[in-house]
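Please work out how this folds:
(4 chains)
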2 protein chains.
Amino acid sequence: MEEGTLTALGYCGGTEDYSARQWDGREGCEVRQILDRVADKWSLLVIALLDRRGLRFTELKREIDGISQRMLTVTLRQLERDGLISRTVHPVVPPRVDYALTPLGETLHATIQSLVMWTETHQDEIAAARADYDQRAELAPA
Amino acid sequence: MEEGTLTALGYCGGTEDYSARQWDGREGCEVRQILDRVADKWSLLVIALLDRRGLRFTELKREIDGISQRMLTVTLRQLERDGLISRTVHPVVPPRVDYALTPLGETLHATIQSLVMWTETHQDEIAAARADYDQRAELAPA
DNA sequence: CGGCATCCCTGCTGATACTG
DNA sequence: CAGTATCAGCAGGGATGCCG
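Numbers count the residues shown, from 1 in each chain, chains lettered A, B, ... in the order given. Presented below is the predicted three-dimensional model:
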């Protein structure tokens, strides 16, 4: 089998020159679906946080301010289902559960890390652009 | 509910060894906010689509299946405000508006492209992981 | 064609309470 | 500690209708 993609893939051509290719917009599209999951608000933070060492449920909850217990649980379950993180239950009295990146998860981690770093690097430019835009908006409606 | 800290940065340390650093979890955090915007379901697709050549409103709408006119408009406005895309209005009879990446937007495009490619590359592994997880879930509840 | 305003409803999300 | 279950809210997002 070569690049014989079926119907619902993100791209519909060869393997290079992605830029010229068309997006499959179908909502059910596999790539779109995964992208939504992976680019999810909380998933992103969990993956970014889980670098090398595993973390306990509580540790994650503490690090990610603003996440509710429910959303953390849901997010972790999804990531586990997608094979991105592993869940290890230690049969001790105060229950202890560790979450860590799987090899697959680590490959994603790298990509996400670059996104995070991009954000860090350009936050000032964005802030400036916003200020600029907002100011212009105030002057325009005259 | 009295968490109104003003220090709102993503990281709280130096500039290296991001992995060991702590996330600022504060919701108002600048980085968190931008990350949410940038990792947004629709923003991601728009940025990924806008490679080099600009696209018209309608073209974007056609490419991104499932997006409503409203969400496309909203998304484009946000991206414009953030200085990631430019909006060019051509004063012709059937109105024509082109959207294109700004230099800043292009830097983001590269990062997002790698995320998209990651998804493409690993979609099979994820699908497999899901099937595996689901099957296990059926056997477990005894 | 492009885009804004309005209405409206779904479902995501957080808060709360209960178990192993 | 690490969840699950339940409920209520509110914002995200769709549908429609009207302008430039």
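
Can you name the residues that contact the closest residue to DNA strand C within chain A?
Nearest to DNA strand C in chain A, going by Cβ to the nearest atom of the strand, is A:Met71, at a distance of 3.5 Å. All C-beta atoms are positioned from the backbone trio N, CA, C, and that covers glycine. Applying Cβ atoms under 8 Å, 6 or more residues apart in numbering or on different chains to A:Met71 gives the contacts A:Trp42.

my read is it is in a strand, agree?
No. Under DSSP: H, G, I helix; E, B strand; the rest coil, A:Met71 falls outside any strand and is assigned helix.

Relative to A:Gly83, how far out is it?
A:Met71 is 20 Å from A:Gly83, where distance means Cβ to Cβ, to the nearest Å.

likewise A:Arg77?
For A:Arg77, the distance to A:Gly83 equals 12 Å [Cβ to Cβ].

now for the lengthiest helix in chain A, which elements pack on it?
As assigned by DSSP state H, the longest helix anywhere in chain A is helix A:103-139. Helix A:103-139 sits against helix A:41-49, helix B:30-38, helix B:69-81, helix B:103-139, with contacts defined as 3 or more Cβ pairs under 8 Å, 6 or more residues apart in numbering or on different chains; DSSP states H and E.

May I have the next helix or strand after the third one exported as PDB, CA atoms only?
Going back to what we said before, that points to helix B:69-81. Toward the C-terminal end, the helix or strand that comes next after helix B:69-81 (DSSP states H and E) is strand B:85-90. Listed next in PDB are the C-alpha coordinates belonging to strand B:85-90 (Å, rounded to 0.1, in the frame of the first residue of the first chain):
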ATOM      1  CA  ILE B  85      -3.300  37.600  10.000                       C
ATOM      2  CA  SER B  86      -3.900  40.700   7.900                       C
ATOM      3  CA  ARG B  87      -7.200  41.600   6.400                       C
ATOM      4  CA  THR B  88      -7.300  43.300   3.000                       C
ATOM      5  CA  VAL B  89     -10.500  44.800   1.700                       C
ATOM      6  CA  HIS B  90     -10.700  45.300  -2.100                       C
END
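
Identify the residue spatially nearest to A:Ala128, adjacent ones excluded.
B:Gly83 (7.4 Å; Cβ to Cβ, 6 or more residues apart in numbering or on different chains).

was I right about that neighbour contacting A:Ala127?
No. The pair B:Gly83 / A:Ala127 is not scored as a contact, 9.4 Å apart, by Cβ atoms under 8 Å.

Please say which of those two ends up with more neighbours.
Ranked by neighbour count (other Cβ atoms under 10 Å in any protein chain shown), B:Gly83 and A:Ala127 place B:Gly83 first, with 21 against 14.

For that one, grab phi and psi.
According to degrees, to the nearest 10, the main-chain angles of B:Gly83 amount to phi 80, psi 20.

okay, now A:Gln135: neighbour count?
The local packing of A:Gln135 (other Cβ under 10 Å) involves 10 other residues.

Ok, A:Ser86 next?
Neighbour count for A:Ser86, taken as other Cβ under 10 Å: 16.

quick one: it from A:Leu101, how far?
8 Å.

And A:Ala39, by the same measure?
Distance, A:Ala39 to A:Leu101, by Cβ to Cβ: 17 Å.

Which positions in chain A make contact with DNA strand D?
When proximity is defined as Cβ under 7 Å from any atom of the strand, chain A approaches DNA strand D at A:56-59, A:69-70, A:73, A:76-77, A:87, A:94-97.

Please produce a PyMOL select command covering the buried subset of these.
In PyMOL, this line selects whichever of the residues of chain A next to DNA strand D come out buried by 16 or more other Cβ atoms under 10 Å in any protein chain shown:
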select buried, chain A and resi 57+76
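
any idea which of the residues of chain A next to DNA strand D is least confident?
Lowest pLDDT within the residues of chain A next to DNA strand D is found at A:Pro94 (90).

Alongside DNA strand C, which residues does chain A contribute?
Residues of chain A lying close to DNA strand C by Cβ under 7 Å from any atom of the strand are A:Lys41, A:Gly66, A:Ile67, A:Ser68, A:Gln69, A:Arg70, A:Met71, A:Pro95.
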